[in-house]
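Enquirer: Any chance you could fold what I've pasted below:
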Amino acid sequence: MAKKILIVGGVAGGATAAARIRRLDETAQVILFERGEYISFANCGLPYYIGNIIKKRDRLLVTTREDFMERYNIDIRNFSEVTAIDRAAKQVTVVNALDRKTYTESYDKLILSPGAEPVRPPIEGMENENFFTLRNIPDTDRIKARLDKEKPEAAVVVGGGFIGIEMAENLAERGVKVTLVEMLDQVLAPLDYEMATIVHAHLREKGVECRLSDGVQSFSKKDGQVVVHTRAGGEIPCDMVIMAVGVRPENRLAKEAGLKIGGAGGIIVDGSMRTSDPHIYAVGDAVEVRDFVTGLPVMTALAGPANKQGRIAADNVTGGRSVFKGTLGTMVVKVFDQTVAATGPNAKSLERNGVPHLVSYTHSSSHATYYPGADNMAVKLIFSPGSGRVLGAQIVGGKGVDKRIDIFATAIKAGMTVYDLEELELAYAPPYGSAKDPVNIAGFVAANQLKGDLEVVHWNELPGFDPENEVLMDLRTKRELEKFGILEGAIHIPIDELRSRLSELDREKIYIPYCAVGLRGYIGHRILVQNGFSSRNLSGGMETLMGCMEKLVKEKNLALKLTDYRP
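Expert: From the prediction side, this is the model:
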């Protein structure tokens, strides 16, 4: 007898599951319910349609209801909301949004793909037509219509996550003055703070005002505009507000059906994507899965994992045995001229969960610097202090960031170590890379730390700096210092003069050599230790430190500042 499989929700998880089920079982009766009009659309492309990067609206439609039904012989019921699950009777209650008629539908297996909904915090004054969230095509149409018809001059984006950043960029590209308000001290939570500071600088360079460590207190109206009142006492008049403070799993249906829900609100599933009910599966943004590296429960609102989970659920409801082994949360986002990417857990989450780890910072070019157009990229590599196993990576830069983050993601999945990164043989030609690829360089530096060839001090360890016993040593050129300044209290010895000036140094002191990005600091460190001096290299050099100085001074009470260079 043919199985009857119901799917609640389309887009990445549900539509993928439906197509996969049909490829595996031509006889199954498959019904997909979608409460909106569109069963499969490119939700990641919505901000770029608003910004006129994607010109045609129909390019957002991955497939239409009619095309999907014809190709896969699946009963697609859009404008149909599943409002209840009767687990004992194995049936769902459905409400047709067009005529409001209610009916029930039985199932053998049920797949839930309800997704996540934008968080709308209960803030005073948020009830009018000037407030927008972005989740689907109707939301997109509303925002784009406002921009096209009324041409607002100023907008406030509340929240610095993916949607907030992408909307800030696309509004700015359309000539709107954008202010971004974020409660945290950084944008893009998957990044660690020091990597996010590079993004902050770029946003400001592009004209986006960033108000970090500040939340929205309330809204009011004045002279036809919205006034955003922040907790720090600021007032920001604007013509529209984009609420992008995050998403939460749509778990109402699962919760009311008595399915197990995790601490963060996600539907708990096992590796087969099965819920606490053996006949019900769940996929996508609404489920709680395991972090591939730590094994801890996480929520990941990303299209890639949702697609994979849809395939796995389809395999299992049709009698197969597939397992979702966990997520890396691999992400990439465009921020004007920058590319920002991450994979695996960040250092702050590992620290919070007590997972031992080390980090390294490197700064590399996207391809050979003698070939025109090379972009810089900052790389943070996170690895195990024992085996050197790669745990995570973050990159901020220009061209080539995406391919490097994919290499790191592959390395984590394969259980590779930093020693393996040293040996990777990656494609090289001057327009595309370097003989020592940025991935190799990250591996070299991390391996040097593990082998004891390099002892480092990181930016966040400088509050423990002891000026009585430790000496900052700037190894940059005189020209660099005249242009950029020098850390107050540091001594200046250009790297090429260091060997000849060792007699000037005090062997009772510990020296912290640094340069622009870390390479000359490492060379200086090796010269010092091989000549009997104590030394620790400032990891990542001034490029990494500069974005973090305000935080160090403000929160760590560290007297650290740049001063003019005086020979």
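Enquirer: Report whether the expected contact of Thr197 with Gly547 is present.
Expert: Yes - in this structure, Thr197 is within contact of Gly547 by Cβ atoms under 8 Å, at 2.9 Å. For the C-beta atoms, the positions are set from N, CA and C on the backbone; glycine is no exception.
Enquirer: Just list whatever residues bridge to Leu472.
Expert: On the basis of DSSP bridges, Leu472 takes part in beta bridges with Ile512.
Enquirer: Glu482 versus that one, what's the distance?
Expert: Note on Leu472: its distance to Glu482, by Cβ to Cβ, to the nearest Å, is 18 Å.
Enquirer: Which one's more surrounded, those two?
Expert: When Leu472 and Glu482 are compared on other Cβ atoms under 10 Å, the one with more neighbours turns out to be Leu472, at 20 against 13.
Enquirer: I figured that one was touching Ile491, is that so?
Expert: Yes - the pair Leu472 and Ile491 passes the contact test of Cβ under 8 Å, sitting 7.2 Å apart.
Enquirer: which residues in the stretch 101-250 of the chain form strands?
Expert: For the stretch 101-250 of the chain, applying DSSP state E, counting those that start in this stretch gives strands covering 102-106, 109-112, 116-118, 131-132, 154-158, 177-181, 209-211, 216-222, 225-230, 235-238, 240-243, 247-249.
Enquirer: Which of the ones you listed sits closest to Ile441?
Expert: Ile441 lies closest, by Cβ to Cβ, to one member of the strands of the stretch 101-250 of the chain: strand 209-211, at 30.2 Å.
Enquirer: quick one: the closest one to chain centroid distance?
Expert: Mean-position distance between strand 209-211 and its chain equals 19 Å (Cα atoms, centre = their mean, to the nearest Å).
Enquirer: Equivalent analysis for stretch 322-332, please.
Expert: So, by Cα atoms, centre = their mean, the centroid of stretch 322-332 is 14 Å from its chain's centroid.
Enquirer: Also stretch 485-494?
Expert: 36 Å.
Enquirer: need the contact list for Asp285.
Expert: Applying Cβ atoms under 8 Å, 6 or more residues apart in numbering to Asp285 gives the contacts Gly13, Gly115, Ala116, Val247, Pro249, Glu250, Met299, Thr300, Ala301, Ala306.
Enquirer: how about stretch 361-380: buried residues?
Expert: 361-368, 374-380 (16 or more other Cβ atoms under 10 Å).
Enquirer: Max pairwise distance over those: which two?
Expert: Considering Cβ to Cβ, no two members of the buried residues of stretch 361-380 lie farther apart than Ala368 and Lys380, which are separated by 22.9 Å.
Enquirer: Where does the prediction get shaky in this protein?
Expert: Within the chain, the stretches falling below the threshold (pLDDT under 70) are 556-559.
Enquirer: In it, which residue is most central in space?
Expert: Among the residues of the chain, the smallest C-alpha distance to the mean C-alpha position (Cα atoms, centre = their mean) belongs to Pro190, namely 4.4 Å.
Enquirer: check which helix or strand covers the closest residue to it other than its chain neighbours.
Expert: Ranked by Cβ to Cβ, 6 or more residues apart in numbering and with sequence neighbours excluded, the top spatial neighbour of Pro190 is Ala342, at 4.5 Å. Element membership of Ala342, judged by DSSP states H and E, is strand 338-343.
Enquirer: next SSE after that strand?
Expert: Beyond strand 338-343 on the C-terminal side, the first helix or strand identified by DSSP H and E is helix 347-352.
Enquirer: That next one: which residues count as buried?
Expert: For helix 347-352, the neighbour count (16+ other Cβ under 10 Å) marks Ala347, Ser349, Leu350 as buried.
Enquirer: Then stretch 199-206?
Expert: So for stretch 199-206, counting by 16+ other Cβ under 10 Å, buried means Val199, His200, His202, Leu203, Lys206.
Enquirer: What's the local residue count around the residue lying closest to Gly246 once chain neighbours are set aside?
Expert: Distance criterion Cβ to Cβ, 6+ apart; nearest residue to Gly246, sequence neighbours excluded, is Val119 at 4.8 Å. A total of 13 residues lie near Val119 under the criterion other Cβ under 10 Å.
Enquirer: Then the one 4 residues further on?
Expert: Using other Cβ under 10 Å as the criterion, Ile123 is surrounded by 19 other residues.
Enquirer: can you check Gln217 too?
Expert: Going by other Cβ under 10 Å, the residues that sit close to Gln217 add up to 16.
Enquirer: Please tell me how far it sits from Gly125.
Expert: 10 Å.
Enquirer: One more: Ile53?
Expert: Counting by Cβ to Cβ, the gap from Ile53 to Gly125 is 32 Å.
Enquirer: swap in Arg479?
Expert: Here the distance between Arg479 and Gly125 works out to 54 Å (Cβ to Cβ).
Enquirer: So these two - more neighbours on which side?
Expert: Taking Arg479 and Gly125 together and counting by other Cβ under 10 Å, Gly125 has the greater number of neighbours (17 against 10).
Enquirer: just checking, the more buried one touches Val216?
Expert: No - taking contacts as Cβ under 8 Å, Gly125 lies outside contact range of Val216: 9.6 Å.
Enquirer: that older thread, tell me the one among the buried residues of helix 347-352 nearest to Lys90.
Expert: The shortest approach to Lys90 among these belongs to Ser349, at 39.0 Å (Cβ to Cβ).
Enquirer: which stretch of helix or strand covers Tyr565?
Expert: Short version, using DSSP H and E: Tyr565 is in no helix or strand.
Enquirer: is it true that Asn170 touches Gly45?
Expert: No - distance between Asn170 and Gly45: 10.9 Å, which falls outside the contact criterion (Cβ under 8 Å).
Enquirer: So for these two, which sits in the more crowded spot?
Expert: Each of Asn170 and Gly45 has its neighbours counted (other Cβ under 10 Å); Asn170 has more, 22 against 16.
Enquirer: how long is stretch 364-371 from one end to the other?
Expert: Using Cα to Cα, to the nearest Å, the span of stretch 364-371 from its first residue to its last is 14 Å.
Enquirer: and if you look at stretch 42-58?
Expert: Using Cα to Cα, the end-to-end distance of stretch 42-58 comes out at 10 Å.
Enquirer: what do you get for stretch 259-268?
Expert: End-to-end distance for stretch 259-268, by Cα to Cα: 8 Å.
Enquirer: which one of Thr197 and Gly547 has more residues nearby?
Expert: Between Thr197 and Gly547, counting by other Cβ under 10 Å, Thr197 is the more crowded of the two (26 against 20).
Enquirer: Next, find the distance separating that one from Ala254.
Expert: Distance, Thr197 to Ala254, by Cβ to Cβ: 39 Å.
Enquirer: With Gly246 instead?
Expert: As it turns out, when the distance is counted by Cβ to Cβ, Gly246 lies 20 Å from Ala254.
Enquirer: likewise Phe162?
Expert: Distance from Phe162 to Ala254, by Cβ to Cβ: 24 Å.
Enquirer: Next: Leu24.
Expert: Distance of Leu24 to Ala254, given as Cβ to Cβ: 25 Å.
Enquirer: Comparing these two, which residue is more hemmed in?
Expert: Shown here are Leu24 and Ala254; by other Cβ under 10 Å, Ala254 has more neighbours (27 against 15).
Enquirer: For that one, which non-adjacent residue is closest in space?
Expert: Using Cβ to Cβ, 6+ apart and skipping residues adjacent in sequence, the residue nearest Ala254 is Ile267, 4.7 Å away.
Enquirer: who touches the one you found in this structure?
Expert: Applying Cβ under 8 Å, 6+ apart to Ile267 gives the contacts Leu112, Pro249, Asn251, Ala254, Leu259, Lys260, Ile261, Thr275, Ala282, Ala286, Val287, Glu288.
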